[in-house]
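# Below is the sequence, then the predicted model.
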Amino acid sequence: MSRPQPSCDATDLAVTGLPPAFPDRAAWGTATKLRAWQTAALHAYFDDPRKDFLAVATPGAGKTSFALTVAANLLAKRVVDRIVIVAPTEHLKTQWAEAADRVGIAIDPQFGVRQGKAARDFNGIALTYAGVAANPLALRIRVEGFKTLVVLDEVHHAGDALSWGESVREAFDPATRRLMLTGTPFRSDTNPIPFVRYEPTGDGGLRSVADFTYGYAQALADQIVRPVLFMAYSGEMQWRTSAGDEVNARLGGPMTRDLAAQALRTALDPNGSWISAVLQAADTRLTEVRSHMPDAGGLVIATDQTSARAYADLLKAITGRKPTVVLSDDPGSGKKITAFAEGDQRWMVAVRMVSEGVDVPRLAVGVYATTTSTPLFFAQAVGRFVRARARGETASVFVPSVPLLLSFAAEMERERDHVLAARSEPDEAALLAAAELTQTEADLPEGTFAALGSEADFDRVVFDGADFGLTTQSGSAEEQDYLGLPGLLEPDQVKDLLRRRQADHASRAPRPEHAERSTHQLLRDLRKELNGLVAAWHHRTDTPHGVIHAELRAACGGPPSAVAGADELQQRIDHIRHWAITRKKGA
């Protein structure tokens, strides 16, 4: 049987901020105690009724509860009699259906466009954007046949491809109401998002206009989301390029975009020491967090399935327990995510399945082990860790110390609208896609690139847009001071404690002229100095890094830099300095 649709007093929303009286109003009120921002957004929605409404709210703030409250009111007032929810993934369809069922709205997440009708027990259906594109005309006919509310979750996906945007517009143009949601920063491109309003920017472009915005900074002040500490790790990398050149460089150091991409790829190589050290550090941090949050979980976001499986093996060796592995081609991936969310396992490893919208509130520690580095994906990934369940919870995300990612970390509070660039300007989306390609496979044919070795250094902590900490070796006492930060802290307590840690380390750091370096540290410092000189010579002469290293080896003798001794490294340093004095550019 279909569920009853009771009448709704016009004062219901205005007085209480609650939806209309469904059969079990007491249960509804308990399940949907609205936050201040949700109540404000509801008033913005109902005080000025309009066909299209765009709500931008940071991940973890409660967009789903807001949307379902809107839906319940519209159903009760007979403004609409059917609901269509569009989500990015199959798992999110089910997540929406389960959330709706808890508040008395029956949504069919298994609806197939070709079946035409849903069972009478359902108030609506849930689809993916790909499902909409499969048969938009059939959906249009369905939407025309009923007074329909369409909820477009993470609506920026409708701008991912021109065909998706056209399908969404065709299918839902006749809808009675459209509610659009997003929790991640939009990006600049030339594909307009259907049903979003734009205003001129003054330079020939257009900027999206949100009807209600609730950003991370506001949510943090309201203690709805957790403060995020970004643990950044650098280190020395060695790899062989597709041209056969051997390169030694410091992750995050000054270098060309191609070399920076190759350095990151080397760091993330499962066979290297860098990722193993970072996973060990992240597990140490998770242990500390679990002393305050016993069920706290960790998530590793990998570039591909091969890396994901390899990282899972490393975590098993570190923890003695097999982590949950979620892969896109695994038909049981949704069930695995749900089981992890409801359990108390330590770690989950995924590629892209858990990057957006998936609700696992106990996730508190993350490792960003992917070469994908667009602001949109980064924000989606970090959004998995920010949902607060109790006052004082913190989140920790371990990231490679590369400038682009660190800039994203420092700009957590920045709000971005969708910008439609003038047609004569470069398409930023295309540039980002090209940049991502550069960071993965450009100029690196299969079987030619080889990561030769990597070492990890704890670089810094990024919090609230500021940097804390002094570069130190992985496994050092200084690193442990940051990994051991209490898992329950208010944002101002986090900043105060980080400042005191930094001041303490600065006071204990030996002056360079009196520093006693171990053999390991001496070799690392010499390699760092040599790599810096090689990079400078490359910029002066355009000679590839690998060719410069080869010339130095030919002139001074000895093995590759990664296994060269202190005397051999010093000889090469002196030799390249002599070049700078005696050679002219191009010689």
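Structure's in. What do you need?

# shouldn't Leu127 be in contact with Ile83?
No. In this structure, Leu127 is not within contact of Ile83 by CB atoms under 8 Å, at 11.3 Å. Bear in mind the C-beta positions are built from the backbone N, C-alpha and C, glycine included.

# Mind checking which of these two has more residues around it?
Of the pair Leu127 and Ile83, Ile83 is the one with more neighbours under other CB atoms under 10 Å, namely 29 against 23.

# Any idea what that one is bridged to?
Beta-bridge partners of Ile83, counted by DSSP bridges, are Gly124, Leu149.

# Against Arg178, how distant is it?
As judged by CB to CB, to the nearest Å, Ile83 and Arg178 stand 11 Å apart.

# same thing with Val386?
Per CB to CB, Val386 is found 27 Å from Arg178.

# swap in Thr284?
Distance of Thr284 to Arg178, given as CB to CB: 47 Å.

# same question, Gln223
Distance of Gln223 to Arg178, computed by CB to CB: 32 Å.

# Those two: who's more crowded?
Taking other CB under 10 Å, Gln223 and Arg178 do not tie; Arg178 has more neighbours (23 against 15).

# Which helix or strand contains that one?
Arg178 is located in strand 177-182, with elements delineated by DSSP states H and E.

# what do you get for His43?
Element membership of His43 [criterion: DSSP H and E] is helix 36-47.

# Now that helix: buried residues?
For helix 36-47, the neighbour count (16 or more other CB atoms under 10 Å) marks Trp37, Gln38, Thr39, Ala41, Leu42, Tyr45 as buried.

# other SSEs contacting that helix?
On a contact count with 3 or more CB pairs under 8 Å, 6 or more residues apart in numbering; DSSP states H and E, helix 36-47 meets helix 11-16, strand 52-57, helix 63-76, strand 212-214.

# Try it again at 6 Å.
Applying 3 or more CB pairs under 6 Å, 6 or more residues apart in numbering; DSSP states H and E, one finds that helix 36-47 contacts helix 63-76, strand 212-214.

# List the contacts of the last one.
With CB atoms under 6 Å, 6 or more residues apart in numbering as the contact definition, strand 212-214 has outside contacts at Trp37, Ala41, Ala44, Ala55, Val56, Ala57, Ala61.

# just the CA coordinates of the helix or strand following that strand, formatted as CSV?
The helix or strand immediately downstream of strand 212-214 is helix 216-221, counting by DSSP H and E. Extracted C-alpha coordinates of helix 216-221, given in CSV (Å, rounded to 0.1, in the frame of the first residue of the first chain):
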residue,chain,number,x,y,z
TYR,A,216,33.2,24.7,5.9
ALA,A,217,34.2,27.6,8.1
GLN,A,218,30.6,28.2,9.2
ALA,A,219,30.2,24.5,9.9
LEU,A,220,33.4,24.3,11.9
ALA,A,221,32.3,27.3,14.0
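
# now helix 216-221: how far from the chain's centre is it?
With CA atoms, centre = their mean, to the nearest Å as the basis, helix 216-221 stands 18 Å off its chain's centre.

# tell me which residues of that helix are tucked away?
By 16+ other CB under 10 Å, the buried positions in helix 216-221 come out as Tyr216, Gln218, Ala219, Leu220.

# And stretch 538-549, by the same measure?
Neighbour counts using 16+ other CB under 10 Å place His538, Thr541, Pro544, His545, Gly546, Val547, Ile548, His549 of stretch 538-549 among the buried residues.

# from those residues, which single one is nearest Gly392?
Nearest to Gly392, judged by CB to CB, of these is His545 at 46.9 Å.

# so who does that closest one touch?
Listed by CB under 6 Å, 6+ apart, the contact set of His545 reads Val247, Val534, His538.

# does Met348 have beta-bridge partners, and which?
Using DSSP bridges, the beta-bridge partners of Met348 come out as Leu299, Thr324.

# Do you know the pLDDT at it?
Looking at Met348, its pLDDT is 96.

# Can you get me a residue count around it?
Using other CB under 10 Å, Met348 has 27 other residues around it.

# if I look at it, how far off is Ala302?
Remark: distance between Met348 and Ala302 (CB to CB) = 11 Å.

# about what we covered before: please identify the deepest-packed of the helices and strands packed on helix 36-47.
Mean neighbour count (mean count of other CB atoms under 10 Å) peaks for helix 63-76 among those, with a mean of 24.

# Output the contacting helices and strands for that one.
Using 3+ CB pairs under 6 Å, 6+ apart, the elements in contact with helix 63-76 are helix 36-47, strand 148-152, strand 177-182.

# Determine whether the claim that Ala126 is in a helix is correct.
No. Read with DSSP: H, G, I helix; E, B strand; the rest coil, Ala126 is strand and lies in no helix.

# my read: it touches Val86, true?
No. With contact defined as CB atoms under 6 Å, Ala126 does not count as touching Val86 (7.6 Å).

# Find the residues that touch each one of these two.
By CB under 6 Å, 6+ apart, Ala126 and Val86 have no common neighbours.

# Against Val462, how distant is Phe408?
Using CB to CB, we find Phe408 at a distance of 10 Å from Val462.

# can you check Arg120 too?
Separation of Arg120 from Val462 (CB to CB): 53 Å.
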